[in-house]
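> quick one, structure for this:
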Amino acid sequence: MPKTLRLLMFQWQLFSFMIAVAKSFFRPLPNFVCHGHLKIRGGTNVPQIHSERGLRLTQFCEPGCEKVSEVHNDGERSVTILQRGPNHIVALKPPSVVCHHSGWTGSRSKLKRGEEPEIPMLQRVRDAIHDIEARRVHHGQIPKMRKVNLVHRLDRGASGALLLAFADDDEQRETQKGCTATLIEAMASPDSIKTYVALVRGEGILRGVDLKELGWFEETRAIKDERGEEKNATTWFNFVAGQPETGDNGIDRPRMSLVLARPKQGRWHQIRKHLNGLSHPILGDTTHGASKVNREWKEKRNMPGERICLHLARLQLPPTEAAPEGIDVPCPVYEDMLTLLRNFAPDVLEKSLDVLQKEGILLDSEKTYEIGRYTVTEEWMHAGIEDDGSVEILSQGENFVIANKPPTVVVHHSSWTGSRSNPKRRLKEATPMLQRVRDATGRRVNAVHRLDRGASGCLLFSIADNTETNDGKAMPCQVTKALFDAMQHPDSTKTYLAICDGDGTWNGIDIKAKGWFTIDKPVKDENGNVVENCVTDVCFVAGCTLPPESSDNHDNLEGRNVSIMMARPKTGRWHQVRQHLAGVGHAIIGDSSHGRSRTNRVWKKERKLRKERTCLHLCRIQLPATEYTPIIDVSCPLSSDLVEMLNEMPVLLEETRAILAQEGIQI
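Prediction:
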């Protein structure tokens, strides 16, 4: 190509770029009003930007492309309340926020990077309601923190209306259902309607059929839940508008459609799976979508990370005792989805307006909403992992090592913590015990048994240096097998100490004076299957009822009954000790799977229980001799966090110390 022609083309491209940038500066920015309340688009021009509220700062980058980015402001941690009744709340859930913490999320990854921890919607709404009510009472008065429960959930990457129930009186109701149960039933009722807006890949044509001409149609197809079990599922869809892919005149118009969805059940990823089955996956869906398309939208079109373009735009529930007038709440479509439509599918947005209006779905709203702030306590901000990756070796022989496992550290990586090749692996986990012991000893080791992540205490490893043949092939480690068999031997003893929620009685039976007794009830495995032949010996050590935090709560025993129990499992089933203790009315404090969440919250808030801590400690391990190891009898001192908790109960601590000393256990 001649040099002159190349120069002319470059000048033309530069001129086009400058014209496009000049035009973009004259595009009006949205107007917002915020004085304790929020008005979404349509007030006087007060350009305040708030994080995680659907409000976005527009930054100009490539011609015709607006980059959507969230502005984080520590002083503006707020929640938009779409509707509030005597028994329920409907809040606006932003994308990239979990509804509640679970084993999948944890809350430690951001702390490890020095960032603010992720606060789930459950806690945000609880704090926001408290903040709103505190601003309405007289000066100096502090309203009681109200309890709220989730009625349903939205995926982390989704946004929209989130229904919660006030749960202050749920436990006191004996003859009638609580508000939470009533609203859950209403949500599952055939008269309830949940209308979602989804942006999907595809122009609305499937195998020659134009889905846009069908109006509302039904998709019935069984889908698998997170455990792989098939469940019947029906979703109604309305493909409102779509566009083919075009790139004329340098204008990026990707293949996409706007779809309305109404699920009749609440199956796992139901809408996402059904749309993927129609060959129209939701944009941003990393599980059921196309990774190449998602990557293109994020890199070229500035779709926010961790965003699934799915928004619960209207929630309609029939009248119930908890909401006598029913619930009908529209939730304005989130600003990031609107920005993507305006930039890359303006015709789709224009064609959709009449249908969206007919369905009662809001793009702009003149209505004002309550705004409440949530807090990030100093405990959350400074609850980073004070862990340098070191390990305490309790005992070491020629072929074995026993280490002291701290709480919230996994024994080894697994599918739960993430793939080894994934650099973001829970970002996550502290160095697992297997790697710590390997580094500390300089030897190759195998874990002989496991302890739950939240538990602590003795952890036995075999030294497995000589597990290869002369030609380099792997061979079974005989030491590991021998120690594993010793763990199953009738003469082996593993003594756990547990801090439990209970007063030493169960179903009218006083277990305080029983000494050691046996529990042989079946337990469930991690897949929910019942497992027989499960035996645990249990002994009540000591117990007390703690004083109330205030005179107003004298009759409230939530989290005040505490017992110290010893347990010796004879079999090694999944969560066996935890399930057996919960089965006799003494769930371990901090046990999020088999315990009481409200009790755990009280202990975390008032009694120094660490996050993600299960108050279970393997104090002593005794094994018979094997061909490779002598008799093993090793004790592990109680971890410092449990000692700190017990120091707040000195009478209980002294009583416990004397009894445990008889069992060869030192605190």
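> pLDDT weak spots in the stretch 151-300 of the chain?
The model of the stretch 151-300 of the chain has pLDDT under 70 over residues 169-176, 247-250.
> now do the helices in it.
Taking DSSP state H, counting those that start in this stretch, the helices of the stretch 151-300 of the chain run over residues 179-188, 270-277, 291-300.
> can I get the ones you listed in JSON lines with mean neighbour count and distance to residue 517?
Any C-beta I mention is one placed from the backbone N, CA and C, and that applies to glycine too. Conversion of the helices of the stretch 151-300 of the chain to JSON lines gives the following (neighbours: other CB atoms under 10 Å; distance: least, CB to CB, whole Å):
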{"stretch": "helix 179-188", "mean neighbour count": "20", "distance to residue 517": "35"}
{"stretch": "helix 270-277", "mean neighbour count": "22", "distance to residue 517": "46"}
{"stretch": "helix 291-300", "mean neighbour count": "14", "distance to residue 517": "55"}
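> what's the closest of those helices to residue 316?
Across the helices of the stretch 151-300 of the chain, residue 316 has its closest neighbour in helix 179-188 (10.1 Å, CB to CB).
> could the helices of the stretch 151-300 of the chain be laid out in a markdown table, adding distance to residue 253?
A markdown table is the format used below for those (distance: least, CB to CB, whole Å):
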| stretch | distance to residue 253 |
| --- | --- |
| helix 179-188 | 38 |
| helix 270-277 | 21 |
| helix 291-300 | 12 |
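> residue 558 is nearest to which of those?
Each of these has some distance to residue 558 by CB to CB; the shortest is helix 179-188, at 16.5 Å.
> for that closest one, name the packing helices and strands.
Taking 3 or more CB pairs under 8 Å, 6 or more residues apart in numbering; DSSP states H and E as contact, the helices and strands that helix 179-188 lies on are strand 159-166, strand 310-317.
> residue 590 is nearest to which of the ones you listed?
Taking those one by one with CB to CB, strand 159-166 is closest: 24.0 Å.
> can you show me the strands along the stretch 51-200 of the chain?
Using DSSP state E, counting those that start in this stretch, the strands assigned to the stretch 51-200 of the chain run over residues 57-60, 66-69, 78-84, 88-93, 148-150, 159-166, 193-201.
> residue 454: which of those is closest?
With distances scored as CB to CB, the stretch of those nearest to residue 454 is strand 148-150 (22.4 Å).
> related to what we said a few turns ago, can I get the strands of the stretch 51-200 of the chain in JSON lines with distance to residue 436 and mean neighbour count?
As requested, the strands of the stretch 51-200 of the chain are arranged in JSON lines below (distance: least, CB to CB, whole Å; neighbours: other CB atoms under 10 Å):
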{"stretch": "strand 57-60", "distance to residue 436": "44", "mean neighbour count": "14"}
{"stretch": "strand 66-69", "distance to residue 436": "39", "mean neighbour count": "17"}
{"stretch": "strand 78-84", "distance to residue 436": "40", "mean neighbour count": "21"}
{"stretch": "strand 88-93", "distance to residue 436": "39", "mean neighbour count": "26"}
{"stretch": "strand 148-150", "distance to residue 436": "37", "mean neighbour count": "20"}
{"stretch": "strand 159-166", "distance to residue 436": "40", "mean neighbour count": "25"}
{"stretch": "strand 193-201", "distance to residue 436": "45", "mean neighbour count": "24"}
